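> Could you look at this predicted model? Sequence included:
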Amino acid sequence: MINILDKSNNVQEQITSLNVTYKRSVNIIFGHYPFPEEIHNFIIDIKNNIDPTINYSNVKGGMTDWYFFNKKNNFNKFFNYLINKNSQTHPDMWKYFFDKYFVSNAWGNEIKKGDSVGFHTHPCTHGLLFLSKGCDLIFPELNITITPEPGDYYIFPGEILHGFNEHTGDLNRYTLVFNILQGDIFKFQNKVKELNERKDI
């Protein structure tokens with residue numbers, strides 16, 4: 001659930017996304033992955049594959065390898081759900097997704113009491129699938145927080161500052177995190193042009 005910190009800000013809510021105007025317009029795509037068994041399996045994967053050698057991240061807690069989920073069938077199933085669910089409402093990104101973009105890395109986070117995620121940005125589109133409840137994700141520039149619910153996903157421009165302070169709850173917080181980069185857009189445009197010029201279709 002997205003919570004508005006200061007209700008005087010101009011916020012326009014849509015069915016599957018939220019447009020926030022704060023110095024510029026930012027689109028946050030959100031929805032729910034309605035498969036509790038898959039969510040549970042993601043948590044088990046993360047618990048069993050924390051990499052203790054990772055110490056150069058904004059995550060002050062447990063992490064899997066940066067590419068842990070990239071070739072996992074359960075992540076591919078989730079990502080296909082994302083594409084199918086959002087290709088009509090956000091065709092600029094999700095229609096023909098793999099012709100225009102790719103997932104550069106996908107990993108899991110385990111946040112225990114006392115852990116935190118330093119406020120940071122990414123040079124790409126950033127996504128989160130919340131696997132459990134836990135501390136809110138804070139967007140200080142946008143004046144909003146996200147309260148995690150298991151199965152909720154959020155995708156937003158990575159250059160927006162985000163993070164959270166020390167987790168004070170007793171339950172661990174699990175998230176599947178991924179980054180999306182733009183592929184060869186000229187290759188995609190040429191493919192579309194070739195299809196449009198074909199006489200046999």
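The structure has been received and is ready for your questions.

> Neighbours of C135, how many?
When neighbours are defined as other CB atoms under 10 Å, C135 has 20 of them. Every C-beta, even on glycine, is put in place using the N, C-alpha and C of the backbone.

> which residues does it contact?
By CB atoms under 8 Å, 6 or more residues apart in numbering, C135 lies in contact with 111, 148, 164-165, 167-169, 173.

> Give me the subset of those residues lying in helices.
Members of the contacts of C135 lying in helices (criterion: DSSP state H): none.

> Identify the bridge partners of the residue nearest the centre of the chain.
Centroid check for the chain by CA atoms, centre = their mean gives G127 as the closest residue, at 1.1 Å. Beta-bridge partners of G127, counted by DSSP bridges, are I155, F178.

> Strands of this structure, start to end?
Using DSSP state E, the strands found in the chain span residues 2-4, 11-13, 17-21, 25-32, 59-60, 62-63, 101-111, 116-120, 125-130, 137-139, 144-146, 152-157, 162-164, 173-182.

> Who are the contact partners of M93?
Shown in contact with M93 (CB under 8 Å, 6+ apart): 29, 86, 100-101, 125.

> can you give me the end-to-end distance of stretch 109-120?
Distance across stretch 109-120, first residue to last, is 15 Å (CA to CA, to the nearest Å).

> Which secondary structure element of the chain has the lowest mean pLDDT?
strand 11-13 (a mean of 54; mean pLDDT, DSSP states H and E).

> quick revisit: and the contacts of C135, which is closest to I39?
Using CB to CB, P148 comes nearest to I39 of the contacts of C135, at 11.6 Å.

> And for that closest one, the neighbour number?
When neighbours are defined as other CB under 10 Å, P148 has 20 of them.

> Distance-wise, check it relative to L128.
To L128, P148 is 9 Å away according to CB to CB, to the nearest Å.

> what touches both of the two?
Counting by CB under 8 Å, 6+ apart, the residues touching both P148 and L128 are 137, 175.

> Could you give the bridge partners of the nearest residue to N3 once chain neighbours are set aside?
Spatial nearest neighbour of N3, chain neighbours left out: T145 (5.1 Å); criterion: CB to CB, 6 or more residues apart in numbering. Legend: beta-bridge partners of T145 under DSSP bridges are N3, I138.

> Low-confidence stretches in this protein?
For the chain, residues meeting the criterion pLDDT under 70 lie at 6-15, 22-23, 184-201.

> residues touching the residue nearest to the centre of the chain, list them.
Applying CB under 8 Å, 6+ apart, we find G127 in contact with 153-156, 177-180.

> Would you confirm that the residue nearest to N3 contacts D136?
Yes: with contact defined as CB atoms under 8 Å, T145 reaches D136; the gap is 4.2 Å.

> Of those two, which one has the most company?
T145 (18 against 15).

> ok, now which ones touch S25?
N19.

> State the distance from it to D136.
Counting by CB to CB, the gap from S25 to D136 is 23 Å.

> And F178, by the same measure?
Applying CB to CB, the value for F178 to D136 is 20 Å.

> same check, this time on T53
For T53, the distance to D136 - CB to CB - is 29 Å.
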